[in-house]
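> Predicted model, plus sequence, below.
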Amino acid sequence: MSNWLASLRKGYGKKLHALHAWNGWIVVILTISGLLLFGGFWRGILGEGRVWIRWIHIVVGIASLLPVVYYLLLAGKHWKQLRGKSSQRANVIVV
């Protein structure tokens, strides 16, 4: 198990970068679909398409947990790298 975790953490800088990018796209999709579902203007225009948008919103929202779980596997090494950088550690805690 420790060999698997060590291989996962190897080269984690690029993995954190990719993870950040994926999380950003997930937030964009959730924001756009959330605004479409929230706005009354779109109810008449989208009609039955709102059902599909709602399901996409739900599925992407559940899938947004995957980057968090993946980050938790990398968090130990990331936390060690942030030694002496209290503001960045506080940012990780808040996020």
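Happy to help now that I have it.
> So what's the gap between the host helix or strand of Val68 and the chain middle?
Taking DSSP states H and E as the criterion, Val68 maps to helix 65-81. Distance, stretch centre to chain centre, for helix 65-81: 12 Å (CA atoms, centre = their mean, to the nearest Å).
> Make 14 the starting number, not 1.
All set: I'll call the first residue 14, so the last point we hit is now helix 78-94.
> so who does Arg96 touch?
Contact analysis of Arg96 by CB atoms under 8 Å, 6 or more residues apart in numbering lists nothing. Placement of C-beta: from N, CA and C, glycine included.
> Regarding it, what is its secondary structure?
State at Arg96, reduced to three classes by DSSP: H, G, I helix; E, B strand; the rest coil: coil.
> Let's see the pLDDT reported for it.
At Arg96, the predicted lDDT confidence score is 84.
> again, but for Lys23
Per-residue confidence (pLDDT) for Lys23: 63.
> Next secondary structure element downstream of the helix holding Val81?
helix 99-107.
> and the spatially most central residue of the chain, what element?
Among the residues of the chain, the one closest to the centroid is Asn36, at 3.1 Å (CA atoms, centre = their mean). Using DSSP H and E, Asn36 sits within helix 25-51.
> How many residues are close by Ser46?
Neighbour count for Ser46, taken as other CB atoms under 10 Å: 20.
> give the contact list for it.
Ser46 makes contact with 66-67, 69-70, 73, according to CB under 8 Å, 6+ apart.
> Name the surrounding residues that touch the next helix or strand after the helix holding Asn36.
Under the assignment DSSP H and E, the closest C-terminal helix or strand after helix 25-51 is helix 54-59. By CB under 8 Å, 6+ apart, the surrounding residues in contact with helix 54-59 are 49, 63, 66.
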